[in-house]
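[1] Here is a sequence together with a model predicted from it:
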Amino acid sequence: MKTNKQNADFLHIGKKLTKWYDTNARQLPWRQNQLPYNIWISEIVLQQTQVKQGLGHYLRFIERFPTVKELHQASEDDVLLYWKGLGYYSRAINVHKAAHQIVEDFGGEFPNHYNDILKLKGVGKYTAAAIASICFDEKIPAVDGNFYRVLSRIFADDFDISSSKAFQHFSDLALLVMPDEKPGEFNQAIMDIGAEICRPKNPLCMFCPVNEDCMAFQTGRVSEFPVKTIKVKVSDLSLKYFFVKYQNQFLIKQRGNDFIWKKLYEFPTSIPENWNEYIINSKIVNHKLTHKNLSIEINLINIDSKKEFEKFASDNDFLIVNETQADEKSFPKPLQDFYESVCLS
DNA sequence: AAGTCGGGGAT
DNA sequence: ATCCCAGACTT
């Protein structure tokens, strides 16, 4: 940290942001109260997810699992079902595990200090800081992508946000700005400013409450920040599935806890040699993930022998389900789309 | 310290 | 097409 920054007083910036939040905060369901459980779920849902995308999942999740108790009692499959289509499925696995931690390690009471909150599965430094500041008034900056962007612009700071040291760097910077009072409101102010005003592209600097204090804006260099050197690499991946039907039933199996689509259900990836002649339809579905371009071949196959169908399922550990039963499982987006299109036709 | 994990939206 | 999003976990 540069000495001139340490000696200067930037607290007035934080106070302006907190004051702005008082009258400009977005009205969001988890902000109606400050229940740790609701704030926690909202934070997990919104990891790498925009409010617009996560809001519906949040509401359905809270309705199905209103408190830690219901989440603790639920099966992992049920939690995954309510995460279907949201992505980053380890979040669902971990949020379920964390509910068990809260019951077994914290007596069913949500931990009320940063260091304890940090022990929960799926809760890292950002999320622990967000919960601790919003629910328990702890003065810890919740440093995320919004912080990187807002602070890098306010200080015209070219520190590489793709560096593993960025978190520490911007945490130090945040403490120069963060007031002692209302830490939760300050953190949420950065979230809202980052989402609505200090946007990645086309920021609305004319509406920013701290544009007078923003070094990037004052020097006309807002578009130069934040600095990010590492680009995303995208690779190609081909997958092959067989949608094996016998009357109104078909076969599924749960994926492993590694690779993509953790613990979601999928169709068989191979069939017996002599079944090839029963394939009645084959289509290619292209599906884009953040780091992969998927090409998925899905073969539709009708089996008329109940005995063969059940033997294959039994020998290879597949689950036999009908449409209603499948609706209670979580499938990857492209497989869900295919399965729905087959059942509709 | 680097790699990996989804899906949707904006540009 | 490319980038970003209320990041965390594994190696």
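    All right, it came through fine.
[2] What residue, apart from its backbone neighbours, is nearest the residue of the stretch 51-200 of chain A found nearest DNA strand C spatially?
    For the stretch 51-200 of chain A and DNA strand C, the shortest gap (CB to the nearest atom of the strand) falls at residue A:124, measuring 2.5 Å. In short, each C-beta sits where N, CA and C put it, glycine included. Nearest residue to residue A:124, sequence neighbours excluded (CB to CB, 6 or more residues apart in numbering): residue A:118, at 7.5 Å.
[3] which residues does the one you found contact?
    By CB atoms under 8 Å, 6 or more residues apart in numbering, the contact list for residue A:118 reads A:124-125, A:128.
[4] what about burial for those residues, which qualify?
    When the contacts of residue A:118 are checked for burial by 16 or more other CB atoms under 10 Å, the buried set is A:125, A:128.
[5] Please flag which of the contacts of residue A:118 sit within helices.
    Judged by DSSP state H, helices contain the following of the contacts of residue A:118: A:125, A:128.
[6] Residue A:237: which of the contacts of residue A:118 is nearest?
    Nearest to residue A:237 out of those is residue A:124 (CB to CB; 27.5 Å).
[7] any idea how far residue A:304 is from that closest one?
    Here residue A:124 is placed at a distance of 52 Å from residue A:304 (CB to CB, to the nearest Å).
[8] how about the helix of greatest length in chain A against DNA strand B, any contact?
    Assignment by DSSP H gives helix A:90-105 as the longest helix of chain A. Yes - against DNA strand B, helix A:90-105 shows contacts by CB under 7 Å from any atom of the strand at residue A:90.
[9] Just the C-alphas of that helix, formatted as CSV.
    Presented in CSV, the C-alpha positions along helix A:90-105 are these (Å, rounded to 0.1, in the frame of the first residue of the first chain):
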residue,chain,number,x,y,z
SER,A,90,-21.5,-27.7,-6.2
ARG,A,91,-23.3,-24.7,-4.6
ALA,A,92,-26.3,-26.9,-4.0
ILE,A,93,-24.3,-29.8,-2.6
ASN,A,94,-22.4,-27.4,-0.3
VAL,A,95,-25.5,-25.5,0.9
HIS,A,96,-27.0,-28.7,1.9
LYS,A,97,-23.9,-29.9,3.7
ALA,A,98,-23.7,-26.5,5.4
ALA,A,99,-27.2,-27.0,6.8
HIS,A,100,-26.0,-30.1,8.4
GLN,A,101,-23.0,-28.2,9.9
ILE,A,102,-25.3,-25.6,11.3
VAL,A,103,-27.4,-28.3,13.0
GLU,A,104,-24.6,-30.5,14.2
ASP,A,105,-21.8,-28.0,14.9
